[in-house]
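1. Here is my input; please provide its structure:
(4 chains, ligands or ions: 2)
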Amino acid sequence: MKARVLVTLKSAVLDPQGKAIEGALRSLGVPGVSSVRQGKVFDVELETGDAAKAEATLKDACEKLLANTVIESYRIELVG
Amino acid sequence: MKARVLVTLKSAVLDPQGKAIEGALRSLGVPGVSSVRQGKVFDVELETGDAAKAEATLKDACEKLLANTVIESYRIELVG
Amino acid sequence: MKAAVLVFPGSNREGDVARALELVSGVKPAMVWHADTALPAGTDLVVLPGGFSYGDYLRCGAIAARAAIMEAVRAHAARGGLVLGICNGFQILCESGLLPGVLVRNARLRFICREALLKVERNDTPFTRRYARGAIVRFPVAHGEGNYTADATTLKKLEDEGRVLFRYVMPDGHRDDAQVLNGAANSIAGIVSEKLNVLGLMPHPENHVDPQVGPTDGRALFESLVGVLEKA
Amino acid sequence: MIPSEPKITPELVAEHGLKPDEYERILKLIGREPTFTELGIFSAMWNEHCSYKSSRLHLRGLPTKAPWVIQGPGENAGVIDIGDGKAAVFKMESHNHPSYIEPHQGAATGVGGILRDVFTMGARPIAALNALRFGDPKHPRTRHLLAGVVSGIGSYGNSFGVPTVGGLVGFHTRYDGNNLVNAMAVGLADADKIFYAKATGVGLPVVYLGSKTGRDGIHGATMASAEFGEGAEEKRPTVQVGDPFAEKLLLEACLEIMEAGCVVAIQDMGAAGLTCSAVEMGAKGDLGIELDLDKLPCRETGMSAYEMMLSESQERMLMVIAPGKEDEAEAIFRKWGLDFAIVGYTTDTLRFVVKHKGEIKADLPIKELGDEAPLYDRPWVETPKQQRIDPASLDITATVPGALERLIGSPDFASKRWIWEQYDYLILNNTAQRPGGDAAVVRVENGPKALAMSCDVTPRYCEADPFEGGKQAVAEAWRNITAVGAKPLALTDNLNFGNPEKPEIMGQLVGCLRGIGAAALALDFPVVSGNVSLYNETNGRGILPTPTIGGVGLLDDIEKMATLDFKAGGETILVLGATTGWLGQSAFLSEILDREDGAPPPVDLDLERRTGDLVRALINDGLVTAVHDVSDGGLLVALAEMALASGIGATLAAPPPEMNPFAFWFGEDQARYIVTVENSAKALVARRAELAGIPFAKLGTTGGDRLNIAGERPIVVDALRERHEAWLPIYMGAGLM
Ligand SMILES: Nc1ncnc2c1ncn2[C@@H]1O[C@H](COP(=O)(O)OP(=O)(O)O)[C@@H](O)[C@H]1O
Ligand SMILES: [Mg+2]
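-> Ligands and ions are numbered 1, 2, ... in the order given. Prediction:
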């Protein structure tokens, strides 16, 4: 089955990339963007068809590798 | 209003990071992951409350900066 | 020769390339700020230096490619003016559409600083006149995202038109795409535009020009440019 | 989020790392209960990291002066005169605890901090080094920590644009829960344009520059001085995220406004952020400072005064601006896209006043905040001396070639290429000696002068005999600089120890400092800056005492620089200095016999100096073709390194018959160098050594593609190289990426 994992910086953590993008959008004349924060998305294909099992595998993957839980939080979405 | 922009590699484009993650998950003992592709997510705050206007601004931002359409495609999701 | 070196926020090898240019030509290049809208009058050569413009945030070279000065660079290139993008400069040229393809993260995902062996594929360009055709030269690389990628059609076109100017090779002179240090397609280290006036390359010839600090294989690239421009 | 004004309770005081008697001291000093913000300010100013309360007394014994020293310890970095109107500015600093919690960001911000220290003084950074210690390679966290620390150092330095040219990496189980990240930076400035923290002039604007303030690293400085317990991994305080891009802009903007004559005083915001920097600027200049926090550029909403005063957000500076120069300074900062805000004024009250939303959040005597910080003469005990090891007593089953092969492929000796290739060591185009040599050599502008630098310490020695170990660390840095032909000028140190409240640990600190002081004095190699990192303990077990020494020297003519690779076949290989076969605490003992005991090699400082002076003179007179100092691993490891660097082998004579061959080849006697000499210069070099009273011996002749020791199995250089290069990539490859 397919799943999507979103990994984003915790809100108190500085996001230098987001800051640089905000500045660039302003100077490119894209108005009305008040804040940008950048994160990562992982499109994952799993062998299992079982949702609970998939969720468990992805949680394990996030804790071990995909997210740096000191500064990032993650969200798992099963796509089917 | 808030929005989320997802930027992912086009499927024909090789993704070295995704490949490396697949390998790493295997050696970390997270089994059953058959493929990973990594993309970017942008959490954006917009000044406008108007959905159509927000959508237009974000499309502009993607075309001008957020995505490199040579290798990436993007998707806009308004969160509200 | 009148050279202009662009400076973006986060550029950091602008000084190295300016010194190399001065070393071979005796003339200090003009340093041009990214927010300017025009190149100094009479500019022959525009150099986009290495570095981490805008921190390499978003995608390397992406934000710099949209800087004000890039309009002037585009016009200069369209007139047939010479443009040299090194490392981050190459990334910017790709992002700005002046060269095809894109540079993505090294296949092994690590930054890599080491000497690389390169084959000079042809010497009938303004950048390589002082090299022998097929010469093997040593330039250092220092990049995290030097993995050249393009679709099959683009790659074929580049090869058919002979636009791959520098290629990573093994010590015996043969290319080995499976072992190339950063994973670049067809072991590509540097490509030129259709009119041969725009060169983007990942390795740093400007760091191999001075015998006090290392080999000098990069010198001939700058000497080629000086030679071309003095003749003109 | 921290509520704005909690009640001051004994628990709250303890949470701030202040002992009850220290709190009493505060009450006596200000004559009332502190506000919450004031408590935070005291905790920041009086913790070990800022106040040096355990080490200050003993640091006073270090020699810090020489005719070429422009600024010794006490400023952001040390400054030495290198002639031609130029000065070298350098310092080393630890980011140990943050790098254990979040290795990539912890190491990255460590590099950022030390670079800021250097450019705060008006110098442009020209080189970075790092000394790293990790736990046992078999420990489950080691690989992850190593990968993260290295990528963090690389990503920050590479993006900022400073070449990372050298360092050291070691492994030992005693660092399992406390890895060490000591980062060093060296900058270049005009000797008459050095900038200091000392504010002068009343009523001048205090300006905030750089990135915005967020809630990062609050309690960071307190954390850096706290021992780890079981729960440390879960606690995970907000770590700071580095932004090398912002730092690069800050560098350029700072140098530009200094050049424009706008700056009266400048101080970077490092540990304890705004608090430390503002207090220091005022106290040093005998001035008060009044801050209005409503003006502070903040990244997050609703930040309290307490949070603003203690935030450790990175890439920020505080300055006192010259009268009438505010607009010019602001324009420069805006050009670089950085924040600029006048956040206060200097006053003549000698008070440190902090206002926020119309309230006075702190009002403290500014000088006493620093001067009255607790100073401890902590009890200490001398480390018991160990016996000299008699080689005859050892039960050795290895062969000499077999031992060399194992040593050269062991974690401590294996090539660190996998690490330093992730660092851009070439940028700025002045790197004349790249990683892999004895000392890094970086040309000064367009030459002919160059700076040589090296980081060294042998923790095993320090633990067995802190005094000799301290001496040895300084001697080795001095020796490495000498080995490239440079004159060692001054050093910076980073003293990493366990809990100083334990008398044995305090004894290590005291002993090492005495040793460092003795060597620095004898070698004319003063201490100009440094950093102390204590409480490096987990579950009550301290790290090995690790006083890292970062030395800097000057090479007058880069063309005369020596390197360690054999240059040609048929040259004579000499060792200068005496070989007695000292195996106590040697790498041979530890790696081959799995024991770490015995007295470490003593350092004869007089001999050390005379030998080094001879070697330097021989290099300068062009009489030697390759030079390598002999350190851990002894003669044979040093010879192997010279062969590996060149691909040229050697034929080596058997050891003197009276000596145990293992002790001869792997003993770690100090004050030794290996040199190669062309036939034509042989007699002259021998004469020079005799005249200088330096013992020397011929080891053999260069040539071929293997190391042939009389009576032993030959060792093929290429095969040895494979072992040398293999360990780290295989180790790292077995795990993540
Ligand atoms: N962390 C590091 N960063 C950069 N270079 C390093 C690092 N660790 C080791 N090196 C380099 O590897 C070489 C060998 O180091 P080392 O064995 O400690 O040398 P020495 O014994 O001469 O002090 C030196 O040139 C050193 O600068
Ligand atoms: Mg050495």
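
2. which residue ranges form the strands in chain C?
-> For chain C, the strands defined by DSSP state E cover C:3-7, C:30-33, C:45-48, C:82-86, C:102-104, C:112-120, C:136-143, C:147-149, C:164-168, C:188-192, C:198-201.

3. Give the other helices and strands that the second one contacts.
-> Using 3 or more CB pairs under 8 Å, 6 or more residues apart in numbering or on different chains; DSSP states H and E as the contact criterion, the neighbours of strand C:30-33 among helices and strands are strand C:3-7. No exception for glycine: its C-beta is placed from N, CA and C like everyone else's.

4. In CSV, list the C-alpha atoms belonging to the helix or strand of chain C with the lowest mean pLDDT.
-> Taking all helices and strands of chain C together, the one with the lowest average confidence (mean pLDDT, DSSP states H and E) is helix C:219-231, at a mean of 89. Once side chains and other backbone atoms are set aside, the C-alpha atoms of helix C:219-231 remain, and they are given as CSV (Å, rounded to 0.1, in the frame of the first residue of the first chain):
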residue,chain,number,x,y,z
ARG,C,219,45.3,28.0,-15.4
ALA,C,220,44.8,27.1,-19.1
LEU,C,221,41.1,27.6,-18.8
PHE,C,222,41.5,31.2,-17.8
GLU,C,223,44.4,31.6,-20.3
SER,C,224,42.1,30.3,-23.1
LEU,C,225,39.6,33.0,-22.2
VAL,C,226,42.1,35.8,-22.0
GLY,C,227,43.6,34.6,-25.4
VAL,C,228,40.2,34.6,-27.1
LEU,C,229,39.3,38.0,-25.7
GLU,C,230,42.6,39.6,-26.5
LYS,C,231,42.4,38.5,-30.1
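
5. wait, what's in contact with whichever residue of the stretch 451-600 of chain D sits closest to ligand 2?
-> Nearest residue of the stretch 451-600 of chain D to ligand 2, counting by CB to the ion: D:N480, 4.4 Å away. For D:N480, the contact set (CB atoms under 8 Å, 6 or more residues apart in numbering or on different chains) comprises D:438-439, D:452, D:454, D:456, D:551, D:629.

6. Within reach of ligand 2, which of those residues are there?
-> The subset of the contacts of D:N480 within reach of ligand 2, counting by CB under 5 Å from the ion, consists of D:438, D:629.

7. Specify which member of the contacts of D:N480 is nearest to chain A.
-> For the contacts of D:N480, the minimum distance to chain A (CB to the nearest CB) is 31.9 Å, reached by D:D456.

8. what's that closest one sitting at in phi/psi?
-> Here is the backbone geometry of D:D456 (degrees, to the nearest 10): phi -150, psi 150.

9. what's across from it in the sheet?
-> D:I549 (DSSP bridges).

10. Would you mind confirming that it is in contact with D:L168?
-> Yes - taking contacts as CB atoms under 8 Å, D:D456 lies within contact range of D:L168: 6.7 Å.

11. ok, back up a step: out of the strands of chain C, flag the one nearest D:A692.
-> Evaluated over the strands of chain C, closeness to D:A692 peaks at strand C:112-120, with 38.8 Å, by CB to CB.

12. Can you give me the neighbour number for D:P503?
-> Neighbours of D:P503 under the rule other CB atoms under 10 Å in any protein chain shown: 14.

13. Can you name the residues of chain C that neighbour chain B?
-> C:58-59, C:62-63, C:66, C:95, C:101-102, C:104-109, C:147, C:149, C:151, C:183 (CB under 8 Å from any CB of the partner chain).

14. Drop anything exposed from these.
-> Neighbour-count burial within these applies to C:58-59, C:62-63, C:66, C:95, C:101-102, C:104-107, C:109, C:147, C:149, C:151, C:183; the criterion is 16 or more other CB atoms under 10 Å in any protein chain shown.

15. Point out the ones among these that are inside helices.
-> Of the positions in those, C:E95 sit in helices, assigned by DSSP state H.

16. so how far is chain B from the residue of chain A most remote from its centre?
-> Most distant from the centre of chain A: A:G29, at 27.0 Å, with distances by CA atoms, centre = their mean. Distance, A:G29 to chain B, by CB to the nearest CB, to the nearest Å: 8 Å.

17. How about the secondary structure of that residue?
-> The three-state label given to A:G29 by DSSP: H, G, I helix; E, B strand; the rest coil is coil.
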